[in-house]
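A.B. asks: Model the following, please.
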Amino acid sequence: MAAILLCTNLGIEGEYKPLTLKEWNGLGKTVNDMGYKIADLLKSEFTEKLPISEKQKEQIKLLTGRGFSIALKLQELENKGIYIVTQFDNAYPKYLKRKLREKMPPVLFYAGDITLAGKIGIAIVGSRDVDDAGMLFAKDLAKKATKEKLIIYSGGAKGVDSISEKAAIGEGGYVVSFIGDSLSKKIRNKDVIQNKRILLFSDVNPDTGFSVGRAMNRNKFIYAAAHGAFVVSSDFGKGGTWTGAVENINNSWTNLFVWSGCVKKGNKELISKGAIPYVISEQTILDTINLSPQKDIEAYRQIDMFTTEKDEIKENIKEDTIIDLYD
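C.D. replies: Numbering: from 1, shown residues only. The predicted model follows:
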C-alpha cells in the first residue's frame, strides 16, 4: 500500500505529485538505514522523524493520506479487469526485480493471468516497418518458441511485436506484453478481453496514453523479463528497437540475438556490438541461448506449461527454476 500511495497518481487532487523512481529509491534507502520498514511511512508521526525537507515531508503526508480515494480507484480498476502488483508481492515479475534492481518499477498495473510473468520465455522485437521476409521470420520464430513451450515477451507495438504475438496466440501459446499505450484502452479490445493467453503490463496509470519516452522506457522491462531476446529488424542509430537493444547490450540484462538474414544496417551494427547472429535451426531456442558465450547465462529446466497434473512437478527442483504450471 505504501508503494501504491507514494508511487502512483491514482486519486491525486491538487498540485502534488507521486514520487519519482529516484525519489522512491532514495526514500527507501533512508528508511532502511534508520532501521525501519517502508510500511512505517504510512504513519504520519514517523514521517516527522525523516531527515528530509519539510516540503518532502508534506508531500509524503499528502500522498499517504489519500487511502480512501485509492480504495475507490482500485475497486474501479478491478471492475475493468485491471489489477496492481508491487515489488513487495510474490507475483511481481521475478526477473525485473533480479536484473533491474533500482530501475524496476515499484508498481505495475496489469490485466490477465499474472502467473504468466513467472514463466520462461523470449523477447521478440523489431521495427514497425518490417519487410515481408522479416514478418515471416518473426512468425516462424514465435511458432518455434510456442512449440517449445516458451512465453513470448513483447511490447505490443505494430510490426514485429504484434506479428509475433498473433503467431504465438494462433499456435496456442502465451504472450506477456509491456505496452506503451493506455491499458484501459487496450483491454477494451474484444480480442484482448476474450483471450486469456495474454498478460498486459503498464508501469503507469492505465488511463495514460502513448508517448515516445514511455515506449523507450518500457524496453528494459521486455529485455529483463526474457530469458533471451531476438531482434528481427532494426534501424541504425535510431528508433526504439535500436535503443532498447543497445541498452540491453550495455546492461547485460539478457542474451541478445539478431537475425542475420535482415539486410538492415542496424542488425549488422548490433552484431558488431556483441549481439549473436541467429537463424532458425533444428536446435532448440533454450539450447541456443544457454550455449551462447554471452554473460549472465542461466540454464533452466522447463516444466510443461500446459500440464494440469501437479504430481508431474514433484521432483527435486532448484530454487531458481521457474515452475510453468497452470491450475
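A.B. asks: When you work out contacts or count neighbours from here on, use the C-alpha atoms and nothing else.
C.D. replies: Will do.
A.B. asks: Quick check: A229 vs A245, distance?
C.D. replies: 9 Å (CA to CA, to the nearest Å).
A.B. asks: Need the residues touching each of these two.
C.D. replies: Both A229 and A245 are in contact with L256, where contact means CA atoms under 8 Å, 6 or more residues apart in numbering.
A.B. asks: higher neighbour count, those two?
C.D. replies: A229 (28 against 25; other CA atoms under 10 Å).
A.B. asks: Run a quick check on that one versus G121, I expect a contact.
C.D. replies: No - here A229 lies out of contact with G121, judged by CA atoms under 8 Å, at a distance of 9.1 Å.
A.B. asks: can you confirm L108 is in a strand?
C.D. replies: Yes - the assignment for L108 (DSSP: H, G, I helix; E, B strand; the rest coil) places it in a strand.
A.B. asks: Can you tell me, leaving aside adjacent residues, what's nearest to it?
C.D. replies: D203 (4.8 Å; CA to CA, 6 or more residues apart in numbering).
A.B. asks: so who does the one you found touch?
C.D. replies: Here D203 is in contact with P105, V107, L108, F109, R218 (CA under 8 Å, 6+ apart).
A.B. asks: For stretch 34-51, which residues meet the burial criterion?
C.D. replies: Judged by neighbour count using 16 or more other CA atoms under 10 Å, the buried positions of stretch 34-51 are I38, L41, L42, S44, T47, L50.
A.B. asks: need the residues you listed in TSV with pLDDT and distance to R188, can you?
C.D. replies: Below are the buried residues of stretch 34-51 laid out as TSV (pLDDT from 0 to 100; distance: CA to CA, whole Å):
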residue	pLDDT	distance to R188
I38	92	35
L41	93	36
L42	92	35
S44	85	39
T47	92	40
L50	93	43
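A.B. asks: Those in helices, which ones?
C.D. replies: S44, T47 (DSSP state H).
A.B. asks: Export the buried residues of stretch 34-51 as TSV, with columns for distance to N251.
C.D. replies: Listed next are those as TSV, based on distance: CA to CA, whole Å:
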residue	distance to N251
I38	28
L41	32
L42	34
S44	39
T47	35
L50	33
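A.B. asks: which one of the buried residues of stretch 34-51 is nearest F88?
C.D. replies: Comparing the buried residues of stretch 34-51 against F88 with CA to CA picks out I38 as the nearest, at 10.2 Å.
A.B. asks: I'd say the closest one and K29 touch.
C.D. replies: No - using CA under 8 Å, I38 makes no contact with K29, being 9.3 Å away.
A.B. asks: can you give me the helices in the stretch 151-300 of the chain?
C.D. replies: 160-170, 183-186, 190-194, 212-217, 219-225, 239-251, 265-272, 285-290 (DSSP state H, counting those that start in this stretch).
A.B. asks: Rounded mean pLDDT for the last one, please.
C.D. replies: Yep, that's helix 285-290 we're talking about. Throughout helix 285-290, pLDDT has a mean value of 94.
A.B. asks: and if you look at the fifth one?
C.D. replies: Mean pLDDT, taken over the full extent of helix 219-225, equals 96.
A.B. asks: Please tell me how far it is from the chain's geometric centre.
C.D. replies: Between the centre of helix 219-225 and the centre of its chain there are 5 Å (CA atoms, centre = their mean, to the nearest Å).
A.B. asks: Touching that helix from outside, list them.
C.D. replies: Applying CA under 8 Å, 6+ apart, the contact partners of helix 219-225 are 93-96, 99-100, 104, 117, 123, 153-155, 177-178, 229, 240, 244, 247-248, 253-254.
A.B. asks: which residues sit against stretch 15-22?
C.D. replies: Outside stretch 15-22, the residues touching it (CA under 8 Å, 6+ apart) are L5, L6, C7, T8, N9, Q59, L62, L63, K103, P105, P106.
A.B. asks: Mind checking which of those are buried?
C.D. replies: Buried, going by 16+ other CA under 10 Å: L5, L6, C7, T8, N9, Q59, L62, L63, P105, P106, out of the contacts of stretch 15-22.
A.B. asks: Okay, and which of those map to helices?
C.D. replies: Using DSSP H, those in helices are L5, L6, C7, Q59, L62, L63.
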